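Engineer: Here's a sequence, model it:
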Amino acid sequence: MISFESEGINLSKRCMSSSGPSLPYLDSFLKSLGDPCHPTDNPGGYITLCVAENKLIINELSKRLTKSSVLEAAFNNEINYCYNDMHGILHVREAIAKFITRKFIQAKSETHEEADISAANPDHVVLSSGAGAVLNYLFFSLADDGDVVLIPAPYYAAFNSDMKTIANLKPYAVQQSNPVGGPSVVELETAFKEVAAQGLTVKMLLLTNPNNPLGTIYSPETILNCVSWARSKKIHTIVDEIYALSLHNPSSCNFQSVTRILNNDLGDDVHMIWALSKDFGASGFRAGVLYSQNEALISAFSNYNIFSSISHPMQAVIADVMSDNDYVDKFLDISRVKLINSYNIVTDTLDQLQIPFIPVEACIFVYCDFSSLLRVQSFEGEAEFATLVEDHAKIVMTPGSSQRDNKPGFFRICYAWVTPAVLTIAMKRLSALSESLREFGWENVMQNIDDGNNFIVDNEYEEKCLSLKNCLRLK
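Structural biologist: Got it, this is the predicted structure:
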């Protein structure tokens, strides 16, 4: 147990309220890190499918970053050793502005032509230490203690911690009849009134497009309707586009950045976020981007960033890569092929098991409905199933309850955090477990687990006679 007292000197209430885990499944994730599965060295280890990182393309990025020219840009410039503009060094913001213009504002696809829209202004770009830091400062700036943020559910589990830890805001899940299509004006209005009935104040609407955890894309009409509704209520809209370049079929999908939808005229009330964390598999770089046209907000960020600016050598590295258009395009193409391959490994198994899932258009995860395998149709039943999968198949997935889903049994599978070989092992284990539950029922499965069996099958699926499923069949 964590103690907040030391020789009679207490820590602050702020500290005590911030001490808990940032994610409900954090302990499971940390446990899996201590015994990771490897196809040959440790095939019986844990398989982590709860982390939304794209590790499939780290080697590709590493090749580019270990060139001598990158080291030259990072460490052979006096600017990088000294204090500078806390919004981000000017030439770096200029590079990011050009990147936003090309990949977000004026991007072309089969569904929309290249736009004749003004380019991004470097003065509207702020760099900070990750999208989480950008979100934290937005929450701190756009609302007061105890105010409410509306978020269409299900949503990214860490948003709750992002808005509570420093800004002390309250998340409120907007329930939707069609989460894939996004919130309707009626659903937003209902949530707004429910908050008001509690004597609380809504200060902003937070959207994630492409969506986490669904892997789907909101139509431009949905985004525009949300912004228009928020403006009618005089509240801010934050659009998190951190997966904007992880599109599975960018030539035909209908993704458009809010910067394009609004013709790069965001006003003072719409703010877009992006980072290198997902599309470039570089969450460890802690490089987040705010694009906003609210000058007072941008001015405040120069003070916030004293505590969380990106180091200047890293800014130089980012500018070097983001300015290399040919490399960026090829890199994203390679990433797309790898993502689709891993996605297919998962969905082929889900199809065989008749586990429903939401077909993805983007991102690095798939949202699956395991409710048919729950012993009890409740969130207690979901937790019981998650424990079974973790303890006896050694797989950690993201439960829907942590993402504020209102139906038990949904799980997010992050398929880019492990290699295809390890992912294949995970799917074999999941198959053995699922088929056993359906064929023999919970009571028999649990009894045989008590007898010392598990679902850690050999790499060769045909040899699963060592699995619990065949132990059951032999009885």
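Engineer: if I pick the nearest residue to residue 368 once chain neighbours are set aside, what's in contact with it?
Structural biologist: The shortest distance from residue 368 to any residue that is not its chain neighbour, by C-beta to C-beta, 6 or more residues apart in numbering, is 4.4 Å, and that residue is residue 357. Quick note: C-beta positions are derived from backbone N, CA and C, even for glycine. Shown in contact with residue 357 (C-beta atoms under 8 Å, 6 or more residues apart in numbering): 347, 350, 366-369.
Engineer: 6 Å instead, please
Structural biologist: If a contact means C-beta atoms under 6 Å, 6 or more residues apart in numbering, then residue 357 has 350, 366, 368 as its contacts.
Engineer: Check residue 394 too.
Structural biologist: The contact partners of residue 394, taken as C-beta under 6 Å, 6+ apart, are residue 46.
Engineer: Same check on the one 4 residues further on?
Structural biologist: Taking C-beta under 6 Å, 6+ apart, we find residue 398 in contact with 50, 412.
Engineer: secondary structure element for it?
Structural biologist: Take DSSP states H and E as the rule and residue 398 turns out to sit in strand 395-399.
Engineer: Can you list the buried residues in that strand?
Structural biologist: Neighbour-count burial for strand 395-399 flags 395-399 (criterion: 16 or more other C-beta atoms under 10 Å).
Engineer: could you dump these to a markdown table with distance to residue 170 and pLDDT?
Structural biologist: Converted to a markdown table, those look like this (distance: C-beta to C-beta, whole Å; pLDDT from 0 to 100):
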| residue | distance to residue 170 | pLDDT |
| --- | --- | --- |
| 395 | 33 | 94 |
| 396 | 28 | 93 |
| 397 | 27 | 93 |
| 398 | 22 | 94 |
| 399 | 22 | 94 |
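Engineer: ok, those residues vs residue 250, which is closest?
Structural biologist: For these, the closest approach to residue 250 (C-beta to C-beta) belongs to residue 398, at 25.3 Å.
Engineer: Identify the bridge partners of the closest one.
Structural biologist: When assigned by DSSP bridges, residue 398 has beta-bridge partners residue 412.
Engineer: For residue 39, see how far away it is.
Structural biologist: Residue 398 sits 23 Å away from residue 39 when distances are taken as C-beta to C-beta, to the nearest Å.
Engineer: do the same with residue 425
Structural biologist: Between residue 425 and residue 39 the distance is 7 Å, computed by C-beta to C-beta.
Engineer: Tell me which of these two has more neighbours.
Structural biologist: Neighbours per residue, other C-beta atoms under 10 Å: of residue 425 and residue 39, the larger number sits with residue 425, 26 against 13.
Engineer: what pLDDT does the more buried one get?
Structural biologist: At residue 425 the predicted local confidence, pLDDT, stands at 94.
Engineer: element containing the residue nearest to residue 289 when sequence neighbours are not counted, please.
Structural biologist: For residue 289, ignoring the flanking residues on the chain, the nearest one in space by C-beta to C-beta, 6+ apart is residue 274 at 4.7 Å. For residue 274, the element it lies in under DSSP H and E is strand 270-275.
Engineer: now swap in residue 151 and tell me
Structural biologist: Per DSSP H and E: residue 151 is located in strand 148-152.
Engineer: All the strands of the stretch 151-300 of the chain, residue numbers only.
Structural biologist: Per DSSP state E, counting those that start in this stretch, the stretch 151-300 of the chain carries strands over the ranges 170-174, 202-208, 236-240, 270-275, 288-292.
Engineer: Out of those, the one nearest residue 264 is which?
Structural biologist: Residue 264 lies closest to strand 288-292 among these, at 9.4 Å (C-beta to C-beta).
Engineer: Parallel or antiparallel, list what pairs with that closest one.
Structural biologist: With DSSP bridges as the criterion, the sheet partners recorded for strand 288-292 are strand 125-128 (antiparallel), strand 270-275 (antiparallel).
Engineer: So what touches the shortest one?
Structural biologist: Right, the one you point to is strand 125-128. When contacts are taken as C-beta under 6 Å, 6+ apart, the neighbours of strand 125-128 outside the stretch itself are 87-88, 93, 96-97, 134, 288, 290-291, 298, 301, 305, 308, 310.
Engineer: And the helix or strand following that strand, what does it pack against?
Structural biologist: The C-terminal neighbour of strand 125-128 among helices and strands, as given by DSSP H and E, is helix 131-142. Counting by 3 or more C-beta pairs under 6 Å, 6 or more residues apart in numbering; DSSP states H and E, the packing neighbours recorded for helix 131-142 are helix 159-164, strand 270-275, strand 288-292, helix 295-304.
Engineer: So which bits of whichever strand or helix holds residue 27 are buried?
Structural biologist: Using DSSP H and E, residue 27 sits in helix 26-33. When burial is assessed from 16+ other C-beta under 10 Å, helix 26-33 yields the following buried residues: 26, 28-29, 32.
Engineer: and if you look at stretch 77-88?
Structural biologist: 80, 86-88.
Engineer: Show the contacting residues for residue 148.
Structural biologist: Counting by C-beta under 6 Å, 6+ apart, residue 148 has contacts 170, 172, 195, 200, 202.
Engineer: between those, which is closest to residue 257?
Structural biologist: Comparing the contacts of residue 148 against residue 257 with C-beta to C-beta places residue 202 closest, at 24.4 Å.
Engineer: Please report how far that closest one lies from residue 266.
Structural biologist: If you measure residue 202 against residue 266 using C-beta to C-beta, the figure is 20 Å.
Engineer: Same question for residue 353.
Structural biologist: In terms of C-beta to C-beta, residue 353 sits 44 Å off from residue 266.
Engineer: same question, residue 306
Structural biologist: Using C-beta to C-beta, one gets 25 Å for the distance from residue 306 to residue 266.
Engineer: Between those two, tell me which one has more neighbours.
Structural biologist: Neighbours of residue 306 and residue 266, each counted by other C-beta under 10 Å, are more numerous for residue 266; the result is 21 against 9.
Engineer: close enough to count as contact, that one and residue 293?
Structural biologist: Yes - with contacts counted by C-beta atoms under 6 Å, residue 266 reaches residue 293, the gap being 4.7 Å.
Engineer: Tell me which two in the buried residues of stretch 77-88 are the farthest apart.
Structural biologist: Of all pairs drawn from these, the greatest distance, 15.8 Å, lies between 80 and 87 (C-beta to C-beta).
Engineer: Sketch out the low-pLDDT regions of the stretch 1-150 of the chain for me.
Structural biologist: By pLDDT under 70, the low-scoring segments of the stretch 1-150 of the chain are 1-8, 18-25, 108-116.
Engineer: In this structure the residue nearest to residue 289 contacts residue 241, no?
Structural biologist: Yes - with contacts defined as C-beta under 6 Å, residue 274 counts as touching residue 241 at a distance of 5.3 Å.
Engineer: Between these two, tell me which one has more neighbours.
Structural biologist: The neighbour count for residue 274 versus residue 241, taken as other C-beta under 10 Å, is higher for residue 274 (28 against 25).
Engineer: what about that one, distance to residue 200?
Structural biologist: Look at residue 274 and residue 200: by C-beta to C-beta, they are 30 Å apart.
Engineer: Tell me, how many residues neighbour the nearest residue to residue 157 once chain neighbours are set aside?
Structural biologist: Once flanking residues are discounted, residue 157 sits nearest to residue 402: 4.3 Å by C-beta to C-beta, 6+ apart. Counted with other C-beta under 10 Å, the burial measure for residue 402 works out to 22 neighbours.
Engineer: With residue 196 instead?
Structural biologist: Quick note: residue 196 (other C-beta under 10 Å) scores 12 neighbours.
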